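J.: quick one: sequence and predicted model below, then my questions.
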2 protein chains.
Amino acid sequence: MTSQERGSVRGLLLAKGDEDNNIVWHEGHVDRSRREALLDQKGVVIWFTGLSGSGKSTIAFTVEHALAARSRLAYVLDGDNIRHGLNADLGFTAGDREENIRRIGEVARLFADAGFITLSSFVSPYKADRDNIRALLGSGDFLEVFVNTPLELCEQRDPKGLYKKARAGQIPNFTGVSDRYEAPVDPELEIHTADCTVAQAAQQVLDLLASRGKIW
Amino acid sequence: MTSQERGSVRGLLLAKGDEDNNIVWHEGHVDRSRREALLDQKGVVIWFTGLSGSGKSTIAFTVEHALAARSRLAYVLDGDNIRHGLNADLGFTAGDREENIRRIGEVARLFADAGFITLSSFVSPYKADRDNIRALLGSGDFLEVFVNTPLELCEQRDPKGLYKKARAGQIPNFTGVSDRYEAPVDPELEIHTADCTVAQAAQQVLDLLASRGKIW
């Protein structure tokens, strides 16, 4: 829309003269495709799901660094930057867990729209919650990655000592111990961490991004 | 941290061999400074505040397009992409309005951390709410821009017909009509839209970004 059109609509001083220093009046957002062209990549959400200790965040961070090394822009959404900030008001009731995942999905949607390769790393144990985000984003923007690590291995690893606490009854509704994990039925990628290295797992994610035309 | 270190800590298959195809195992986020170097800009939040119809969004969009034309990456957070998504569960009670602004501040913080020039366009009428976000972000990342347009001009303009409805009593607690607007005391920039064009207003924002070392 040009200044003349806007000016004629509004007839206010704010509407006059829109091209000083090549700055052009605009009434709407820059298109996503323009940001993607600037970034030389496509926005997307890689949604990692899996048990606590399965390796989601390690794989996400390794992918993030590998992309940075290739001059691609990625951002990891995880407990560190979400649970203590946006979702600091939420607890661990069923309703709060659902709202936690809903908000993460909405933020991931904004990041994908902004052009980022968005790496979401949360247990997200329930299929319905993940399916809601898939519906929100559309399947082109939502790539579900099941980090499939046997419970025994996660528990043996127990990097944060959470399984130990859960077994001692100190953490209620702990996924895999006292709450269910609903494995993805048809994820875009399933990583068997017991059979590969972190680097191999990250490479599978990079291959997925390339095969879906998000990086090249 | 190298694979050897991690391997020796965990001794699990997941930890072995981390440098296939130059992919290196990482346990933490890519630094913000690395994203900023890739983007050739600094992350920041421009927080526009002002009455409904004051011109916040028009200025924000014009800045966004001007930055895109200079190959800078910006993203506008506004009612369109927030109220219908992340904050769709919120109404207009005092508590919901406060929560609305809190969440927007948290999302803006993530975008600034991601390296974006983040343009937030909400009435955000209360000083305390804005000050909370300034405290959250730190003053280097939070640049408050007061879009100062006289109420009479906003009401005369009334692009969405909201003042008309508010005067008819159809919108309770409407800022400027039946609820207060607390003007910023010491904003980083005050734009008097009655005395400048949209392009001039946008130029003032670009000048602010340059003077704070966010673009160059």
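T.: In hand now; what should we look at?
J.: looking at it, residue A:179 is touching residue A:125, isn't it?
T.: Yes - with contact defined as C-beta atoms under 8 Å, residue A:179 counts as touching residue A:125 (6.9 Å). Heads up, the C-betas are built off the backbone N, CA and C, glycines and all.
J.: what about those two, which has more around it?
T.: residue A:125 (21 against 17; other C-beta atoms under 10 Å in any protein chain shown).
J.: name all residues that make contact with the more buried one.
T.: A:49, A:175, A:179-182 (C-beta atoms under 8 Å, 6 or more residues apart in numbering or on different chains).
J.: among the residues you listed, which two are most distant?
T.: Spanning the widest gap among these are A:49 and A:179, at 14.2 Å by C-beta to C-beta.
J.: neighbours around residue A:152, how many?
T.: If you count neighbours by other C-beta under 10 Å, residue A:152 ends up with 10.
J.: do the same with residue A:121
T.: Around residue A:121 there are 27 residues (other C-beta under 10 Å).
J.: quick one: it and residue A:54 touch, right?
T.: No - between residue A:121 and residue A:54 there is no contact under C-beta under 8 Å: 10.1 Å.
J.: determine the longest helix present in chain A.
T.: helix A:94-114 (DSSP state H).
J.: okay, buried residues for it please.
T.: A:97, A:99-114 (16 or more other C-beta atoms under 10 Å in any protein chain shown).
J.: that one and chain B in contact?
T.: Yes - under the criterion of C-beta under 8 Å from any C-beta of the partner chain, helix A:94-114 makes contact with chain B via A:99, A:103, A:106-107, A:109-111, A:113-114.
J.: redo these as JSON lines? Include pLDDT.
T.: Listed next are these as JSON lines, based on pLDDT from 0 to 100:
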{"residue": "A:99", "pLDDT": "94"}
{"residue": "A:103", "pLDDT": "96"}
{"residue": "A:106", "pLDDT": "97"}
{"residue": "A:107", "pLDDT": "97"}
{"residue": "A:109", "pLDDT": "97"}
{"residue": "A:110", "pLDDT": "97"}
{"residue": "A:111", "pLDDT": "98"}
{"residue": "A:113", "pLDDT": "97"}
{"residue": "A:114", "pLDDT": "97"}
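J.: what's the closest of these to residue B:168?
T.: Nearest to residue B:168 among the residues of helix A:94-114 next to chain B: residue A:106, at 33.1 Å, using C-beta to C-beta.
J.: which residue, neighbours along the chain excluded, lies closest to the closest one?
T.: In space, and not counting its chain neighbours, residue A:106 is closest to residue B:86: 4.0 Å by C-beta to C-beta, 6 or more residues apart in numbering or on different chains.
J.: got the contact list for that neighbour?
T.: Applying C-beta under 8 Å, 6+ apart, the residues near residue B:86 are A:103, A:106-107, A:110, B:103, B:107.
J.: for these, which one is nearest residue A:142?
T.: residue A:106 (12.7 Å).
J.: what sits against that closest one?
T.: Applying C-beta under 8 Å, 6+ apart, we find residue A:106 in contact with A:136, B:85-86.
J.: next one: residue A:54
T.: A:147-149, A:154, A:193.
J.: how's chain A carved up into domains?
T.: Domain assignment for chain A by automatic domain parsing gives A:1-30, A:34-211.
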